[in-house]
Structures are given as structure tokens and as C-alpha cells.
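Trainee: Quick one: sequence and predicted model below, then my questions.
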Amino acid sequence: MQGWTDIRWDLMARLPAPARPYANLMRLDRPIGVWLLLLPGWWGIALAAHSLGQALWLGFLFAVGATIMRGAGCVVNDLWDRELDRQVERTRGRPLASGEVSVMQALVFLAVLGLIGLAILTQLNWLSIWLGVASLGPVVVYPLAKRVTDYPQAVLGVTFGWGATLGYAAAAGTYGWAPFLLHAAAFFWILGYDTIYAHQDREDDAQVGIRSTARRFEHTTRPFLIVCYSMVMLLLCLAGWAGGLSWLYAPALIPAALLLGWQVVRVDIDNPALCLALFKLNRDVGLLITLAVLIGRL
């Protein structure tokens with residue numbers, strides 16, 4: 001039976017030849033990034049939606065928007081990193097690093113993605129539109145952060161976690177403690193899982209001068225993850241309380257907590273394949289948190 005990875009590659013191969021470099025530039029063959037950008041938005045929508053119809057419509061818009069904006073973020077990242085990517089085994093085949101796509105072509109493509117993203121954003125209320133525009137700041141800054149701080153994952157946490165605030169605002173039209181706490185929970189979740197992810201490139205990053213929490217906490221990764229993931233669960237509980245969820249919410253979070261604990265137990269910073277597998281496990285963590293919020297609405 002054909003594996004899911006093979007199916008994705010088959011779909012990529014069916015694209016017209018001129019489109020494939022741009023699909024690769026967007027990382028369409030690696031949908032885990034879309035999921036991880038999307039899921040905090042679904043948390044916010046699930047917490048604040050007034051009706052099932054509203055939740056489904058916003059969930060769809062956020063899915064399309066996450067695909068476009070994750071792709072745009074990858075283009076920005078690769079524009080910043082094209083010289084560094086040529087020096088790292090895992091990234092030297094990227095379209096900009098390999099020369100398959102020129103800088104000018106990438107900039108034009110980025111503009112097209114930005115216009116599509118703007119069209120999606122204008123379907124939301126004014127608070128959400130302004131929040132969406134404000135989110136562009138961290139998107140642009142993130143690729144620079146890895147050059148100047150040991151905590152670029154913190155910038156990514158702000159960026160990817162922004163969806164929690166945006167999703168809540170899109171559904172409720174307001175802001176408050178609940179979306180703030182939800183965003184904070186997403187921040188620590190991302191800080192943890194991206195530290196695991198960064199261990200894949202730890203040695204290459206050291207050679208080219210890229211900084212990360214994987215390098216900063218190389219020998220204390222497990223305690224660092226314990227702190228991050230403990231904060232996730234604490235902040236999720238507080239967000240549920242602030243959002244008026246029922247007592248069912250807390251026990252519904254247990255499966256997500258167990259998956260986070262499994263990552264802490266299993267992590268091996270010298271096993272890149274395992275680090276990637278544990279990183280990808282966070283899609284299921286995010287889906288379970290979404291389900292827990294929905295159960296808490298009962």
C-alpha cells in the first residue's frame with residue numbers, strides 16, 4: 001500500500017514542471033508546518049465561536065490562510081537564508097539555495113502570496129484584520145533572529161502562536177484574557193517542539209553560526225522541555241477557565257498532556273530521525289487540544 005509520504009510526492013510530481021519549484025519553495029510536500037501554524041487558530045475559534053456554522057467557515061478560512069502564509073513565511077526564510085542553506089546538507093537543495101528559483105522570482109511569488117493572504121484576511125472582522133497585519137512583523141523578523149539570539153524559537157512561538165489570538169478575535173470580535181493565555185500556551189508549545197526540531201541541524205548550525213535553543217540547551221534539553229510543556233498545560237487550563245469552559249475541559253486535555261510527556265521521555269538529541277518524528281507528533285497534540293476545547297464547550 002502506498003504510504004502517505006509517497007502520495008504527497010506523487011501529487012507534487014503531477015504539478016506542471018514550472019510550478020514545482022514554487023510548490024517546493026512553499027514546502028507543500030511538508031504539510032506539518034501548515035498544521036502547526038493552523039492549530040492555535042483552531043483553538044481560538046473553538047473557544048469563541050458562536051455557532052457551528054461560524055466555526056466551520058472560520059476553520060476553513062484559517063486552513064487556506066495557514067497554507068498561504070506558511071508558504072509565504074518559507075519564502076521569506078529562504079530569501080534570508082539562501083547563502084547559509086547552501087552550506088547545510090539538509091537545506092542545500094531548496095529552490096533558492098540551488099538556484100532553481102531566482103531572488104526576483106521569489107519576490108514576485110511572495111507578493112502574489114501576500115495578496116492572496118490579504119484577500120482571505122479581508123473576510124474577517126476589523127480587529128482580526130489589524131491583528132493579521134501586525135503578525136507580519138514577527139514573520140519578517142524570525143529569520144534574522146537565529147543570527148542574533150539563542151532564542152529564535154521564542155520569535156517563532158510568537159509568530160505561530162499568533163493564530164490563537166487571531167482565531168479568537170475572528171470568532172468573538174473581541175480580545176481578553178482567554179486569547180492572551182491561549183497564545184501564551186501556544187508560545188511554550190512551539191518553544192518546546194521547535195527545540196526538538198532544531199536538534200536535527202545542531203552541528204551544522206554551529207559551523208555556520210546559526211543560534212538556537214537546541215544549541216543553548218544542548219545538554220539540558222529534557223529539563224527545558226519539562227518546563228515548556230508544563231507551562232503549556234498550566235496556561236491551557238487557565239485559558240479554559242478564563243474562557244468559561246466546563247469541568248470536562250481539564251480531563252479532556254489529558255491525552256495531549258500524555259503525548260507531550262512522551263516527547264520528553266523519548267527525546268534523543270543525537271537521533272535526528274527520532275527528533276523529526278517527535279516534532280511531527282505535535283500535529284496530534286494540537287488536534288487533541290482543539291478537541292478538548294470543543295468538549296469544554298459542552
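Mentor: Received, thanks. Numbering: from 1, shown residues only.

Trainee: low pLDDT regions in the stretch 1-150 of the chain?
Mentor: Flagging of the stretch 1-150 of the chain using pLDDT under 70 yields the residue ranges 1-12.

Trainee: Can you show me the helices along it?
Mentor: Here the stretch 1-150 of the chain has its helices, by DSSP state H, counting those that start in this stretch, at 4-13, 20-25, 32-48, 52-85, 95-98, 103-121, 126-134, 136-148.

Trainee: Report the contact partners of the nearest residue to residue 45 once chain neighbours are set aside.
Mentor: Distances taken as CB to CB, 6 or more residues apart in numbering place residue 167 nearest to residue 45, at 4.3 Å, with adjacent residues excluded. All C-beta atoms are positioned from the backbone trio N, CA, C, and that covers glycine. Residue 167 sits next to 40, 41, 42, 43, 44, 45, 47, 48, 58, 62, 179 when contact means CB atoms under 8 Å, 6 or more residues apart in numbering.

Trainee: Relative to residue 110, which of these is nearest.
Mentor: Nearest to residue 110 among the contacts of residue 167 is residue 62, at 20.5 Å by CB to CB.

Trainee: hang on, isn't residue 129 packed against residue 121?
Mentor: Yes: between residue 129 and residue 121 a contact is recorded at 5.5 Å, counting by CB atoms under 8 Å.

Trainee: So if I had to pick from the two, which one is more boxed in?
Mentor: residue 121 (21 against 17; other CB atoms under 10 Å).

Trainee: and the residue lying closest to that one once chain neighbours are set aside, how many neighbours?
Mentor: In space, and not counting its chain neighbours, residue 121 is closest to residue 132: 4.5 Å by CB to CB, 6+ apart. A count of nearby residues for residue 132, using other CB under 10 Å, gives 23.

Trainee: show me the residues around residue 132 that make contact.
Mentor: 121, 124, 166.

Trainee: rewinding a little: could you say which of the helices of the stretch 1-150 of the chain is packed most deeply?
Mentor: Of all these, helix 32-48 has the most neighbours on average by mean count of other CB atoms under 10 Å, namely a mean of 25.

Trainee: pull the CA atoms of that one into PDB?
Mentor: Extracted C-alpha coordinates of helix 32-48, given in PDB (Å, rounded to 0.1, in the frame of the first residue of the first chain):
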ATOM      1  CA  ILE A  32       3.300  19.600   9.100                       C
ATOM      2  CA  GLY A  33       4.200  23.300   9.100                       C
ATOM      3  CA  VAL A  34       0.700  24.200   7.900                       C
ATOM      4  CA  TRP A  35      -0.800  22.100  10.700                       C
ATOM      5  CA  LEU A  36       1.300  23.700  13.300                       C
ATOM      6  CA  LEU A  37       0.500  27.200  12.100                       C
ATOM      7  CA  LEU A  38      -3.200  26.400  11.800                       C
ATOM      8  CA  LEU A  39      -3.900  24.600  15.000                       C
ATOM      9  CA  PRO A  40      -3.600  27.500  17.500                       C
ATOM     10  CA  GLY A  41      -6.100  29.400  15.300                       C
ATOM     11  CA  TRP A  42      -8.500  26.500  15.600                       C
ATOM     12  CA  TRP A  43      -8.100  26.600  19.400                       C
ATOM     13  CA  GLY A  44      -9.200  30.300  19.400                       C
ATOM     14  CA  ILE A  45     -12.100  29.600  17.000                       C
ATOM     15  CA  ALA A  46     -13.200  26.600  19.100                       C
ATOM     16  CA  LEU A  47     -13.100  28.700  22.300                       C
ATOM     17  CA  ALA A  48     -15.100  31.700  21.000                       C
END
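
Trainee: helices and strands around that helix, which ones?
Mentor: Helix 32-48 sits against helix 52-85, helix 152-172, helix 177-198, helix 282-296, with contacts defined as 3 or more CB pairs under 8 Å, 6 or more residues apart in numbering; DSSP states H and E.

Trainee: right, so of those, which gets closest to residue 208?
Mentor: For residue 208, the closest of those is helix 52-85, at 5.3 Å, according to CB to CB.

Trainee: That closest one to helix 103-121, inter-axis angle?
Mentor: Interaxial angle of helix 52-85 relative to helix 103-121 (axes from the mean of the first three to the mean of the last three CA atoms, to 10 degrees): 170 degrees.

Trainee: angle of helix 52-85 against helix 282-296?
Mentor: 160 degrees.

Trainee: Which elements pack onto helix 52-85?
Mentor: When contacts are defined as 3+ CB pairs under 8 Å, 6+ apart, helix 52-85 sits against helix 20-25, helix 32-48, helix 95-98, helix 103-121, helix 136-148, helix 152-172.

Trainee: Redo those helices as TSV? Include distance to residue 265.
Mentor: Below are the helices and strands packed on helix 52-85 laid out as TSV (distance: least, CB to CB, whole Å):
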stretch	distance to residue 265
helix 20-25	35
helix 32-48	21
helix 95-98	36
helix 103-121	38
helix 136-148	28
helix 152-172	21
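
Trainee: Good, we can wrap up now.
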